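[1] Have a look; sequence and predicted model below, questions after that.
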Amino acid sequence: MRSRFATLAVFTSLAAPIALAQNAPTWTPPDAATKALALDIYRQLINTNTTDSVGNVTTASKEMQARFLAAGWPAEGVRLEADSRS
């Protein structure tokens, strides 16, 4: 009985990754335009001062809101909300 369990455990530990890998979706690297857009978004956010002392997170939020709207998101789906506790 013990050897059957050990055999089953070994088989399962070897077979499971193979079975899961067959159903895993394939990953396609982004094209050059997508990479450039992502880099542009990161650059814009990094260049926006959002530090607590002198920065403004609302500016970064508005910039991202403008990008979503330009990409075709409906205005009612892109809403800015402020924290009233500050």
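    Everything's here; your move. Numbering: from 1, shown residues only.
[2] going forward, measure contacts and count neighbours with C-alpha atoms only.
    Fine.
[3] Show the backbone phi and psi for residue 52.
    In this entry, residue 52 is assigned phi and psi values of phi -70, psi -40 (degrees, to the nearest 10).
[4] ok, how many other residues are close to it?
    Counted with other Cα atoms under 10 Å, the neighbours of residue 52 add up to 8.
[5] now swap in the one 5 residues further on and tell me
    A count of nearby residues for residue 57, using other Cα under 10 Å, gives 15.
[6] I'd say it and residue 45 touch.
    No - no contact is recorded between residue 57 and residue 45 when judged using Cα atoms under 8 Å, the distance being 9.9 Å.
[7] For the protein, name the helix or strand with the lowest mean pLDDT.
    None of the helices or strands of the chain scores lower by mean pLDDT, DSSP states H and E than helix 2-23, at a mean of 66.
[8] Next, the buried residues of the next helix or strand after it.
    Next in sequence after helix 2-23, counting helices and strands by DSSP states H and E, comes helix 32-47. Buried residues in helix 32-47, defined by neighbour count with 16 or more other Cα atoms under 10 Å: residue 45.
[9] Can you report the mean pLDDT over the residues of helix 32-47?
    Averaging pLDDT along helix 32-47 yields 94.
[10] ditto for stretch 71-79
    For stretch 71-79, the mean per-residue pLDDT is 92.
[11] which residues touch it?
    Here stretch 71-79 makes contact (Cα atoms under 8 Å, 6 or more residues apart in numbering) with 65, 68, 69.
[12] mind exporting it as PDB, just the C-alpha atoms?
    As requested, the backbone C-alpha atoms of stretch 71-79 are provided in PDB (Å, rounded to 0.1, in the frame of the first residue of the first chain):
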ATOM      1  CA  ALA A  71      -7.900  55.900 -26.000                       C
ATOM      2  CA  GLY A  72     -11.700  55.800 -26.200                       C
ATOM      3  CA  TRP A  73     -12.800  55.000 -22.700                       C
ATOM      4  CA  PRO A  74     -16.200  56.600 -21.900                       C
ATOM      5  CA  ALA A  75     -16.000  59.700 -19.700                       C
ATOM      6  CA  GLU A  76     -18.300  58.100 -17.100                       C
ATOM      7  CA  GLY A  77     -15.900  55.200 -16.800                       C
ATOM      8  CA  VAL A  78     -12.900  57.400 -16.000                       C
ATOM      9  CA  ARG A  79     -13.500  59.400 -12.800                       C
END
